[in-house]
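1. Sharing a model that was predicted from the sequence below.
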Protein chains: 2
Amino acid sequence: MNTTNGKIAEQSKKKIADALLVVLQQYGYKEITITQLAQEAKLSRKTFYRLFADKEDVLSYLFEKLYIECFEQIKSQHTQYYWDIVQCYFDFWEERKSLLLLFKQSHLLPVLFDGAYKYSFGIFEYIRSKDVAEHLSLQLPYLLAYSVGGMHSMLLKWVENDMTVPSQILIEQLKNGFNSIEL
Amino acid sequence: MNTTNGKIAEQSKKKIADALLVVLQQYGYKEITITQLAQEAKLSRKTFYRLFADKEDVLSYLFEKLYIECFEQIKSQHTQYYWDIVQCYFDFWEERKSLLLLFKQSHLLPVLFDGAYKYSFGIFEYIRSKDVAEHLSLQLPYLLAYSVGGMHSMLLKWVENDMTVPSQILIEQLKNGFNSIEL
DNA sequence: TCTAATGTGTTACACTTGTTACCTTTATGA
DNA sequence: TCATAAAGGTAACAAGTGTAACACATTAGA
């Protein structure tokens, strides 16, 4: 991959990523071919390979963009409370419900959350300096991992259940659950 | 796939799975070909396709066997405490350190834990009737998801750090961390 | 404006994948 | 023990993958 950082290349990347989302609505992920993606994006197969290593690379690109957006949204809230961040995280995904359900249908949710892993740590690193976060991250890095993984797993369960419970109620229930538990 | 349940077929599956582990020590997962696996297992390519759908199917087979073994080990402990199960879970993986580090090197850890997802729920379903578990699973299914996801995420972090901390100390620290935190 | 630099398309290629039809070998129990 | 089902092998196939050489198009800045 030589020239993938220019403006046009970025547009083409977007076209291909969008093409993937379109094609996913009709075909399974595995049966989608590069040729198909290139045709849908109105680009040549060669261009695809200049911009991406393979199909999965397109997914990574897509997910990375999503998580950066999510991170920005959380940052813009300027909140310092753990549960506010969790709420904001789930709200973000609730706004993209149809996208998540498409991923669910295509069995791509696990892949999404693989990519999510590092970005989520970034989010909690961001609130690291705040009071509440210090309890989680400074004392023990494994606790932070626990928290991040728990969050994702719950999101996964939520999408599996078609996200019928509103995100606000979900978090409310969760908070109550935590308070009533002693391990 | 027609005939994959007999004794010989099972042996052949094992051969192929073992072959994958051998080849992984020298080649990246993506560059490994079916031909290569078949050769290493001393079987024909055709036989491979009779037993598995593709390369990933071999991984699933491998991981499924691992998690069933793990489940059996936990069941054999006849314990009813949440933290005992967690400890047993981490002990199981500590005994298979070299395997996990191989998966880490091959960037297959996320895939391993995708497969783990459903089996872990099974483990916690198993202790569902016990006192402690009821707090987690009966009150709120999302809490169970949180717990399972947290566990995996922590395991992931542990492997990322080359599993240098002994599992017993890891869990000990974790317990202390939980007790000292109020969310 | 017009020249580099960047981006794209065409064609061709060696290789891998997943499947098929047909045949031979091996294992097991009635 | 021997008939039969299960397992494995050979060869060939269409389709897709990833790469390359080369030519053409577009954009941006001096």
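-> Sure thing, it's come through. Numbers count the residues shown, from 1 in each chain, chains lettered A, B, ... in the order given.

2. can you list the domains in chain A?
-> Using automatic domain parsing, the domain ranges for chain A come out as A:7-53, A:60-180.

3. And the pLDDT for the closest residue to DNA strand C within chain A?
-> Distance from DNA strand C to each residue of chain A (Cβ to the nearest atom of the strand) is smallest for A:Gly6, at 1.7 Å. The way it works is simple: take the backbone N, C-alpha and C, and place the C-beta from them, glycine included. Reading off the confidence values, A:Gly6 has pLDDT 75.

4. thinking again about what came up before, need the winner for burial among the domains of chain A.
-> The highest mean neighbour count among the domains of chain A, using mean count of other Cβ atoms under 10 Å in any protein chain shown, belongs to domain A:60-180: a mean of 17.

5. Now do the phi/psi pair for A:Gln26.
-> Per-residue torsions, A:Gln26: phi -120, psi -30 (degrees, to the nearest 10).

6. Please apply the same query to A:Gln25.
-> Comment: the main-chain dihedrals of A:Gln25 come out as phi -70, psi -20, following degrees, to the nearest 10.

7. Apart from its chain neighbours, what residue comes closest to it?
-> Spatial nearest neighbour of A:Gln25, excluding adjacent residues (Cβ to Cβ, 6 or more residues apart in numbering or on different chains): A:Leu102 at 6.6 Å.

8. The one you found: what's it in contact with?
-> A:Leu102 makes contacts with A:Leu21, A:Leu24, A:Gln25, as judged by Cβ atoms under 8 Å, 6 or more residues apart in numbering or on different chains.

9. Kindly indicate which of these lies nearest chain B.
-> Comparing the contacts of A:Leu102 against chain B with Cβ to the nearest Cβ places A:Leu24 closest, at 18.4 Å.

10. Surely the closest one and A:Leu101 touch.
-> No: if you go by Cβ atoms under 8 Å, A:Leu24 and A:Leu101 don't touch, sitting 11.3 Å apart.

11. State the pLDDT value of A:Gly131.
-> No, residue A:131 isn't Gly; it's Asp. 50.

12. next one: A:Ser147
-> On pLDDT, A:Ser147 comes in at 84.

13. Am I right that it is in contact with B:Gly149?
-> No: taking Cβ under 8 Å as the contact criterion, A:Ser147 and B:Gly149 are not neighbours in contact, 9.7 Å apart.

14. Lowest-scoring secondary structure element of chain A by mean pLDDT?
-> Ranking every helix and strand in chain A by mean pLDDT, DSSP states H and E puts helix A:131-137 at the bottom, with a mean of 52.

15. can you tell me how far A:Leu100 sits from A:His152?
-> Applying Cβ to Cβ, to the nearest Å, the value for A:Leu100 to A:His152 is 12 Å.

16. just checking, what packs against the particular helix or strand that has A:Tyr117 in it?
-> Of the helices and strands defined by DSSP states H and E, A:Tyr117 is found in helix A:109-126. Using 3 or more Cβ pairs under 8 Å, 6 or more residues apart in numbering or on different chains; DSSP states H and E as the contact criterion, the neighbours of helix A:109-126 among helices and strands are helix A:55-77, helix A:82-94, helix A:97-105, helix A:131-137, helix A:141-160, helix B:109-126.

17. If we use 6 Å, what do you get?
-> With contacts taken as 3 or more Cβ pairs under 6 Å, 6 or more residues apart in numbering or on different chains; DSSP states H and E, helix A:109-126 sits against helix A:55-77, helix A:141-160.

18. from the middle of its chain, how far away would stretch A:96-113 be?
-> A distance of 9 Å separates the C-alpha centroid of stretch A:96-113 from that of its chain, computed with Cα atoms, centre = their mean, to the nearest Å.

19. What's the end-to-end length of it?
-> Between the start and the finish of stretch A:96-113 there is a gap of 15 Å, counting by Cα to Cα, to the nearest Å.
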